[in-house]
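Asks: Give me a model of this one.
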Amino acid sequence: MTEFRPRRERPSLPAAEAGREELRASLLKPFLLRLREERGDPAVRALLSSVGIPQSVIDSDTGWISVAAARRALSALASAFGTDALESRGQWMTHPEVLGAYVRMLRVAAGPADAYRYLAANHSESTRVGNYNLISAGRRSVELSYVARPEVESDQSDPLLCAARRAELVSIPRIWGLPEASLEHRLCIAEGASECRYLLEWPSSDYRVLAVSVVLGAALCAGAVSASGNALASVIAGLVGAGFGATLGALWLRISHERSARVFEKHRILALERGLDLHGHFNDAGGELVGATLGGKYRILRKIGAGGIGAVYAAEHIGLGSRVAVKVLRGAAAMDASEIARLRREARVQVSIEHPNVVRVLDLDQLPDGSIYVVMELLEGRSLATRLKSGGPLAAAEAVPLFRKVCDALTAAHQLGIVHRDLKPGNVFLCNDGSVKVLDFGMSKFTEAEALTQDGYTLGTPEYMSPEQCIGAPVDARTDLYAFGVLMYEAVSGTLPIPGKNRRELLELHQSAIPATLRERVPDLDVPAALDEAIMMCLKKRAAERPHSARELDRLLERVPLDPLDLSDEMPADSGGRVRRA
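Replies: Have a look, this model is predicted:
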């Protein structure tokens, strides 16, 4: 469990100063964001002007206001929305401008319980007129008290101040994608008590679910068989049901943990970017590097793409005159050790795979501010994702040669013990000269090396993730073949084999749903039977039933008839189950 040490308290301010810096202005931020969204910036400016709070103080994540100013502002907000609206921060709790105030807490808190511990240990970061004390803490509940400092003369008995504190406390689980905490307000300063006492509980992944699943599975299976009157059969059925229930319960827990970790990581990055933005370190304008020279060698010409953590530029090598692509980490990712490690891994992996169907890495260096950039060969063309979006499904005569080139790239990677782990149409690039390149080995894994992520943590794009990848189980070359099967299915049919409404549903369906064959799903396209069979082999739930290697898959694809007259002919299989020509 993470240990937090209280920060050194600042000395109390003299009475004459007490009205200046008492509460963090971020206490008001969620409600002001709601006001801005519903009524516009003029309404926010008018409210702040009427209560005597400068806009610059609100815009800063470290601004302070007096208790009196906070009471005036909360009163105005209660008039605008109603008093009940101050009981919860709602969706605005995870707005970047609110998360920026929690950037220190988000660096060390692994869950809501840690966040409440941090709040109690470091209460001087949010208030100078009171102390939070941690009374007890469990895995999904805490009890806190708030006590006004006796040396402070500001009146804190206003019910609106209590409401604003409650709103912050109940909203903290939202940072992990959980519902708000339930709150029992046992004592309240606004009602004459000497302190506020809060009992907070929040839903979370609970191992009681696992126990319930085991008992329920055993009861259902044993009950179904008990009608036969065979006691031994009932016991065996109960054991089988318990095992099945345990598997489902463990799967539910893993999916819940994974989703919470993803949501938290997104919010942590937003908080970091907010802090960098306020300090002038976060530049994400379209042409911030255009015209600059990196490492004294690469002159940036134009931006050619951008993603969640980086931007890609076309550049020119000053000495040689050759054109290259430069991938630069941006914003908070440039300060994040895990993202830096991932980009270094991508560069190292792609250097180690010397193959014409894998994009070549030429250099790796740092900007003066410490940001990492990678220099790669410049590709002219478009991704397979762009091609499918603009041109629709691929005909077999176009698809099979493309798929075989991807097989060649995967074979080269797998022979070095490298698993891509995020193969999808966006990572397959179709060059104007007819060549095909596999991109983005940033999430790849050496099968004999330590991964960048903890065991049980899933990486990848859920639409293309294998069953074993969905539950964080060990991956190997056959994991890439499953993703490749999804990619091929989509490229030929124009639809995913297993669609889902959200990430959680996709992770579950990829472990259980059996997709229709291509010839069943899109009979009008006359997909060759051999191609259909090869793709469906890749989509087998058990890795052992998929092709053993990308090279074996390439041999299956080689046998696909591309003559339009033969496309609908059934292809008999040999004794090993492989498709062969008649």
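
Asks: Give the helix, strand or coil label for the nearest residue to C196 once chain neighbours are set aside.
Replies: Computed as Cβ to Cβ, 6 or more residues apart in numbering, the closest residue to C196 that is not its neighbour in sequence is Y146, at 4.2 Å. C-beta here means a position set from N, CA and C on the backbone, and glycine is covered the same way. With DSSP: H, G, I helix; E, B strand; the rest coil as the basis, Y146 sits in strand.

Asks: For the stretch 401-550 of the chain, just list every one of the helices.
Replies: 467-470, 477-493, 503-512, 518-521, 529-538, 550-558 (DSSP state H, counting those that start in this stretch).

Asks: name the helices or strands packed onto the second one?
Replies: In other words, helix 477-493. Under the contact definition 3 or more Cβ pairs under 8 Å, 6 or more residues apart in numbering; DSSP states H and E, helix 477-493 sits against helix 384-391, helix 396-415, strand 418-419, helix 467-470, helix 518-521, helix 529-538, helix 550-558.

Asks: Between helix 384-391 and it, find me the angle.
Replies: Note on geometry: by axes from the mean of the first three to the mean of the last three Cα atoms, to 10 degrees, helix 477-493 and helix 384-391 are set 10 degrees apart in direction.

Asks: orientation of helix 477-493 relative to helix 550-558 in degrees?
Replies: On the basis of the same axes, to 10 degrees, helix 477-493 is oriented at 30 degrees to helix 550-558.

Asks: so how far is helix 477-493 from its chain's centroid?
Replies: Distance, stretch centre to chain centre, for helix 477-493: 22 Å (Cα atoms, centre = their mean, to the nearest Å).

Asks: could you give me the average pLDDT of stretch 186-203?
Replies: Model confidence over stretch 186-203 averages 91 on the pLDDT scale.

Asks: which parts of it are buried?
Replies: C188, I189, E195, C196, R197, Y198, L199, L200, E201, W202 (16 or more other Cβ atoms under 10 Å).

Asks: The residues you listed into TSV, with extra columns for distance to P497?
Replies: Conversion of those to TSV gives the following (distance: Cβ to Cβ, whole Å):
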residue	distance to P497
C188	56
I189	59
E195	59
C196	54
R197	54
Y198	49
L199	48
L200	43
E201	41
W202	37
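
Asks: Between all of these, which two are at the greatest distance?
Replies: Maximum pairwise distance among those (Cβ to Cβ): 23.7 Å, between I189 and W202.

Asks: hang on, the earlier thing: how about the helices of the stretch 401-550 of the chain, which one is nearest L77?
Replies: Nearest to L77, of all the helices of the stretch 401-550 of the chain, is helix 503-512, at 35.1 Å by Cβ to Cβ.

Asks: which strands and helices sit next to that closest one?
Replies: In this structure, helix 503-512 makes packing contacts with helix 231-278, helix 467-470, judged by 3+ Cβ pairs under 8 Å, 6+ apart.

Asks: and that helix, average pLDDT?
Replies: 83.

Asks: What of stretch 241-250?
Replies: Per-residue pLDDT over stretch 241-250 has a mean of 70.

Asks: one step back: ranked by average pLDDT, which of the helices and strands packed on helix 503-512 falls at the bottom?
Replies: When mean pLDDT is averaged over each of those, helix 231-278 scores lowest at a mean of 70.

Asks: can you list the weak-confidence ranges in the stretch 401-550 of the chain?
Replies: Counting by pLDDT under 70, the stretch 401-550 of the chain shows low-confidence ranges at 442-460.

Asks: let's see 80
Replies: In the predicted model of the stretch 401-550 of the chain, residues 440-461, 472, 501-504 satisfy pLDDT under 80.

Asks: A325 contacts I304, doesn't it?
Replies: Yes - A325 lies in contact with I304 (Cβ atoms under 8 Å); the separation is 7.1 Å.

Asks: between these two, which one's more packed in?
Replies: Neighbour tally, A325 and I304, criterion other Cβ atoms under 10 Å: the higher count belongs to A325, 19 against 15.

Asks: Make sure I have this right: that one is in a helix.
Replies: No - when classified by three-state DSSP, A325 is found to be strand rather than part of a helix.

Asks: I'd like to know how far it sits from H317.
Replies: When Cβ to Cβ, to the nearest Å is applied, the distance between A325 and H317 equals 11 Å.

Asks: Could you do A242 as well?
Replies: Separation of A242 from H317 (Cβ to Cβ) stands at 64 Å.

Asks: and if you look at R323?
Replies: Here R323 is placed at a distance of 8 Å from H317 (Cβ to Cβ).

Asks: Just give me the neighbour total for S512.
Replies: S512: 10 neighbours (other Cβ under 10 Å).

Asks: For it, list the residues it contacts.
Replies: By Cβ atoms under 8 Å, 6 or more residues apart in numbering, the residues touching S512 are K541.

Asks: try it again with 7 Å
Replies: Shown here is S512, which makes no contacts under the criterion Cβ atoms under 7 Å, 6 or more residues apart in numbering.

Asks: Same question for A164.
Replies: Listed by Cβ under 7 Å, 6+ apart, the contact set of A164 reads L27, L74, L86.

Asks: Roughly how far does the last one sit from L77?
Replies: For L86, the distance to L77 equals 7 Å [Cβ to Cβ].

Asks: okay, now the domains of the protein?
Replies: By the record's domain assignment, the chain is partitioned as 15-201, 207-278, 293-377, 382-566 (automatic domain parsing).

Asks: So which bits of stretch 420-430 are buried?
Replies: Buried positions in stretch 420-430, judged by neighbour count with 16+ other Cβ under 10 Å: H420, R421, D422, L423, K424, P425, G426, N427, V428, F429, L430.

Asks: can you check stretch 80-98 too?
Replies: For stretch 80-98, burial by neighbour count (16+ other Cβ under 10 Å) applies to 85-90, 92-98.

Asks: Can you show me the CA trace of that stretch as CSV?
Replies: Taking C-alpha atoms only, stretch 80-98 is exported to CSV below (Å, rounded to 0.1, in the frame of the first residue of the first chain):
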residue,chain,number,x,y,z
ALA,A,80,-27.9,29.9,-10.8
PHE,A,81,-28.3,26.1,-10.5
GLY,A,82,-29.9,25.3,-7.2
THR,A,83,-28.3,24.2,-3.9
ASP,A,84,-28.5,20.5,-4.9
ALA,A,85,-26.2,21.2,-7.9
LEU,A,86,-23.3,21.9,-5.4
GLU,A,87,-23.5,18.3,-4.0
SER,A,88,-21.7,16.8,-6.9
ARG,A,89,-19.1,17.8,-9.5
GLY,A,90,-20.5,15.4,-12.0
GLN,A,91,-18.8,15.0,-15.3
TRP,A,92,-16.7,18.2,-14.7
MET,A,93,-14.6,16.3,-12.1
THR,A,94,-12.6,14.8,-15.0
HIS,A,95,-12.4,18.0,-17.1
PRO,A,96,-8.6,18.7,-17.8
GLU,A,97,-8.9,22.1,-16.0
VAL,A,98,-10.1,20.3,-12.8
